[in-house]
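Trainee: Pasting the sequence and the predicted model now:
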Amino acid sequence: MKVVCTDAETQSHHAPAEEFGREGLVAYPEGPRRYDVIRGALQSVGSTDFVAVTNHDDGQLCAVHDADYVAFLQGAYTSWIAAGGVGDLAASVFSGADGRAPANTAAATGFYGFDTTPLTAGTWAATRAAADAALTAADQVAAGDSAYALCRPPGHHASRNRFGGYCYLNHAALAAQSLSATGTVAIVDVDYHHGNGTQQIFYERDDVFFVSLHADPEWEYPLFWGRVDETGARDGVGFTHNVPLPAGIDDASYLAQLASALQRVRAFNPRYLVVSAGFDIWRHDPLGTFALSADGIARVGVSLADLALPTVIVQEGGYDVDTLGDLVLAFLQPFS
C-alpha cells in the first residue's frame, strides 16, 4: 500500500485554539498532533511505502466544489485580517439553505459555513495540501495500487459549497471524482459521524455509490442528515445507503451492520473503493459513543480489504490522539 502524507509544517499552522462544547469553551480536538501521531506511527513501520504529494490543478477542486466557495476558502482569512479582524474567523449568524453571500467576509462565513468551525491563518494551506494528498492517492490507485492519504483537517462534512464539522474541502469526494473518470466508485464512510458533505455531492449520481455507517442523527452531529430514507435523488435514487447506529454498539453488532452494507457494495460492483476512515468509532474516543475495540477496528479494515478493490483510504476523524497511530496501523494492515 502506498502512503501519501502532507508536510508537518503546513499542518502546524492550522491550529484552532478552542471551540464551544457542552460545557462552554473547550480545547479544539482537531489539532496538528493528530497528524504528527499518525505520521510517526507510519514512519515506525520500516516497510511503509511513502509517496510524495503531487500538486493538482484547482480545476479538480471545482469538479466537486463550487468555484465561488473555493475562492472564499482561499481568501477569507486574509480578507478578515486586512479588514481589522483579530484571531480565528468563525460565524455567529448562518444563512440556512438560501440567501446570497454578502461582501463582508465575516458575514459571508455564515453563508458558506453551517456551524462554528473556524478559519485560521493556516486553514487553506492545510486543507489544500490534504486535497493534493487525496488526489495523489487516487492517482496511485488508478495506476493499480491501493493508497492511504493522511489528510488533515478531515473532509467528509464539506459539501459542494459549505464547510463545517472541522471540514473545508471534501478530500474523499475529490478522490472519488477523480477515479470516476475511468470507472464506477463506491464510497464507504466508517467515521462515527455521518458524511453529509459526501452524500450531498453525489446524491443525484448513479456512478458513485455512497454508504455511511454512523451515529444516529436523531441525537448526534451532524443532526440534519444521515437517515435511512435518504437514498438519493434523480439519477441517484438507490445509490445512497445510510446506516444510523445506536450509542454503545459493540464489535459484533457493528461488523454485522458493515457486512450487510458491503453486500450492497458488491451488488453495485464498483471498479474502485474510497474509504472515509474515521477512528472516532473507537470505544474511548472523546467525541464518540460507540464501543468498538482495537480488534474490532482492525476487523473493519479486514472487511473492507476483502472487497479486493483498488482502494483509496482517506483519513477523517479520530480524537483519542494517544491511541490514534496504533488504530490507523491496525486498520491499514489488511491492505498491505
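Mentor: Arrived safely. Numbering: from 1, shown residues only.

Trainee: All the strands of the chain, residue numbers only.
Mentor: Counting by DSSP state E, the chain has strands at residues 2-5, 18-21, 24-27, 49-51, 147-150, 185-189, 208-215, 240-245, 272-277, 311-315.

Trainee: most remote residue from this structure's center?
Mentor: Ranked by distance from the centre of the chain (CA atoms, centre = their mean), the top residue is Gly84, with 32.1 Å.

Trainee: quick one: that residue from Asn104, how far?
Mentor: 12 Å (CB to CB, to the nearest Å). Backbone N, C-alpha and C define where each C-beta goes, glycine included.

Trainee: okay, and the helix or strand of the protein with the least pLDDT?
Mentor: strand 18-21 (a mean of 58; mean pLDDT, DSSP states H and E).

Trainee: comparing the strands of the chain, which gets the lowest mean pLDDT score?
Mentor: Of all these, the minimum mean pLDDT falls on strand 18-21 (a mean of 58).

Trainee: quick one: contacts of stretch 38-54?
Mentor: Stretch 38-54 is contacted by residues 1-6, 8, 129, 132-133, 135-136, 139-140, 147, 150, 315, 324-326, 328-329, 336 when judged by CB atoms under 8 Å, 6 or more residues apart in numbering.

Trainee: Which residues belonging to that stretch are considered buried?
Mentor: By neighbour count with 16 or more other CB atoms under 10 Å, stretch 38-54 contains the buried residues 38-39, 41-42, 48, 51, 53.

Trainee: ok, now stretch 279-293?
Mentor: Buried residues in stretch 279-293 (16+ other CB under 10 Å): 279-283, 285, 287-292.

Trainee: and if you look at stretch 199-216?
Mentor: 199-203, 205, 207-216.

Trainee: Next: stretch 104-112.
Mentor: Applying 16+ other CB under 10 Å to stretch 104-112 flags 105-106, 108-112 as buried.

Trainee: Next, count neighbours for Ala8.
Mentor: 12 (other CB atoms under 10 Å).

Trainee: Kindly indicate which of the buried residues of stretch 199-216 lies nearest Ile187.
Mentor: Phe210 (4.9 Å; CB to CB).

Trainee: That closest one bridge partners, please.
Mentor: Ile187, Thr240 (DSSP bridges).

Trainee: Contacts only, for it.
Mentor: 186-187, 189, 195, 198-199, 202-203, 239-241.

Trainee: nearest to Glu220, of the buried residues of stretch 38-54?
Mentor: The closest of these, once distances to Glu220 are taken by CB to CB, is Ile38, at 24.1 Å.

Trainee: Distance check, the closest one against Asp207.
Mentor: Distance from Ile38 to Asp207, by CB to CB: 31 Å.

Trainee: Surely Ser92 and Asp115 touch.
Mentor: No - at 10.9 Å, Ser92 and Asp115 do not qualify as touching, with contact defined as CB atoms under 8 Å.

Trainee: Between the two, which is the more surrounded one?
Mentor: Of the pair Ser92 and Asp115, Asp115 is the one with more neighbours under other CB under 10 Å, namely 19 against 9.

Trainee: quick one: pLDDT of the residue nearest to that one when sequence neighbours are not counted?
Mentor: Closest residue in space to Asp115, ignoring its immediate chain neighbours: Gly164 at 4.2 Å, by CB to CB, 6 or more residues apart in numbering. On pLDDT, Gly164 comes in at 95.

Trainee: what ranges do the helices span in the stretch 151-300 of the chain?
Mentor: Applying DSSP state H, counting those that start in this stretch to the stretch 151-300 of the chain gives helices spanning 171-179, 196-202, 251-268, 294-305.

Trainee: tally of neighbours for Ala71?
Mentor: Ala71, neighbours per other CB under 10 Å, totals 13.

Trainee: Pull stretch 158-175 out as PDB, backbone CA atoms only.
Mentor: What follows is the C-alpha trace of stretch 158-175 in PDB, where atoms were taken according to Å, rounded to 0.1, in the frame of the first residue of the first chain:
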ATOM      1  CA  ALA A 158     -17.800  19.600   3.500                       C
ATOM      2  CA  SER A 159     -20.400  19.800   0.800                       C
ATOM      3  CA  ARG A 160     -20.200  21.500  -2.600                       C
ATOM      4  CA  ASN A 161     -20.500  24.900  -1.100                       C
ATOM      5  CA  ARG A 162     -20.400  24.800   2.700                       C
ATOM      6  CA  PHE A 163     -17.900  23.900   5.400                       C
ATOM      7  CA  GLY A 164     -18.400  22.600   8.900                       C
ATOM      8  CA  GLY A 165     -17.600  19.800  11.300                       C
ATOM      9  CA  TYR A 166     -13.800  20.700  11.100                       C
ATOM     10  CA  CYS A 167     -14.000  20.100   7.300                       C
ATOM     11  CA  TYR A 168     -13.400  22.500   4.400                       C
ATOM     12  CA  LEU A 169     -12.600  20.600   1.200                       C
ATOM     13  CA  ASN A 170     -14.000  17.100   0.800                       C
ATOM     14  CA  HIS A 171     -10.900  15.000   0.200                       C
ATOM     15  CA  ALA A 172     -12.700  11.700  -0.200                       C
ATOM     16  CA  ALA A 173     -15.100  13.200  -2.700                       C
ATOM     17  CA  LEU A 174     -12.200  14.600  -4.600                       C
ATOM     18  CA  ALA A 175     -10.600  11.200  -4.800                       C
END
